[in-house]
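Novice: After the sequence you'll find the predicted model.
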Amino acid sequence: MEPIKIAIDGPAGAGKSTIAQELAKRLKYTYIDTGAMYRGITYEVIKRGIDINDQTAIIELAKKININFVKGDLYIDDVLIKSEIRSNDVSQRVSYIARIPEIREIMVNAQRKIAINQNVVMDGRDIGTNVLVDAQLKLFLTATVEERSRRRYQELKEKSVITSLKEIEEDIKKRDKMDEERSCAPLVMAKDAIKIDTTEKTIEEIIQQIIYLLGERI
Ligand code: C5P
């Protein structure tokens, strides 16, 4: 039987990773956080002191390093990467790197490879429109910018990342704009995706809705 692919897209803080992770756990599918891959390369760029505008050096680096997931954890060249990729420094730079077409090509190829022989729940910005166009279920999660900022603030506080609500709101608005306006695979809802506004819904309600939608398709 062909592997099942669930694509979850949407702007920053819409609840994608929380929902995708919980859904994967219940369905026993593999969860792939594609944002973590773009954050991972950004983290390496900063760590190695590469100029954010030096696209040639960034592309060289992306070709050289090995980014992959083991049991849901991100590894770069076999080193486990955790909350370092959630820092403000990374968040403020990631969308500049994610708009470089060659970087996207490397990441997208790696993402498609992961989904070849296993059931996946993959979240990001271009999963339904580009990475897994043949996904059996495509979802587009949204929420108000205030709610998304509040959630992201709470999440980072739990991970002991120092930041403020105002800083997060500004970052989210700026990243959304860049992700929506870039020419290569911008953040846009796939024509065949189902939109879920998560603002006033509980995680359980959303999970139940998705499981129901999946049942109709497979
Ligand atoms: O999902 P998260 O907020 O961690 O993603 C960080 C950034 O990575 C996004 O703002 C976007 O610029 C980029 N990204 C992307 N395509 C994806 C996933 C993330 O361009 N599929």
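Specialist: Looks like it came in fine. The model shown is predicted, which means the values in this text are computed figures rather than measured ones.
Novice: What parts of this protein come near the ligand?
Specialist: Within the chain, the residues that sit near the ligand (Cβ under 6 Å from any ligand atom) are 12, 34-35, 38-39, 94-95, 98, 124-126, 175, 179. Backbone N, C-alpha and C define where each C-beta goes, glycine included.
Novice: one more time with 8 Å
Specialist: Residues of the chain lying near the ligand by Cβ under 8 Å from any ligand atom: 9, 12-13, 16-17, 33-39, 42, 85-86, 91, 94-95, 97-99, 104, 107, 111, 123-127, 131, 175-176, 178-179, 182, 185, 187.
Novice: Out of the residues you listed, which sit inside helices?
Specialist: Among the residues of the chain next to the ligand, DSSP state H puts 16-17, 34-39, 42, 91, 94-95, 97-98, 104, 107, 111, 175-176, 178-179 in helices.
Novice: picking up where we left off before, select only the buried ones of the residues of the chain next to the ligand in ChimeraX?
Specialist: Here is the ChimeraX selection string for the buried members of the residues of the chain next to the ligand, based on 16 or more other Cβ atoms under 10 Å:
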select :9,12,13,16,17,33,34,35,36,37,38,39,42,85,86,91,94,95,97,98,99,104,107,111,123,124,125,126,127,131,175,176,178,179,182,185,187
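Novice: Packing partners of the helix or strand where residue 205 lies?
Specialist: Using DSSP states H and E, residue 205 sits within helix 203-217. Contact partners of helix 203-217 among helices and strands, from 3 or more Cβ pairs under 8 Å, 6 or more residues apart in numbering; DSSP states H and E: helix 16-27, strand 137-142, strand 194-197.
Novice: between the second one and helix 16-27, how many degrees?
Specialist: Direction vectors for strand 137-142 and helix 16-27, defined by axes from the mean of the first three to the mean of the last three Cα atoms, to 10 degrees, enclose an angle of 140 degrees.
Novice: so how far is strand 137-142 from its chain's centroid?
Specialist: 13 Å (Cα atoms, centre = their mean, to the nearest Å).
Novice: Direction included, what does that strand pair against?
Specialist: strand 5-9 (parallel), strand 194-197 (parallel) (DSSP bridges).
Novice: contact partners of the longest one?
Specialist: So the one you mean is strand 5-9. 16, 19-20, 23, 29, 115, 119-129, 131-132, 134-141, 187, 189-190, 193, 210, 214 (Cβ atoms under 8 Å, 6 or more residues apart in numbering).
Novice: Now do it and helix 203-217, the angle between them.
Specialist: Using the same axes, to 10 degrees: strand 5-9 against helix 203-217 is 130 degrees.
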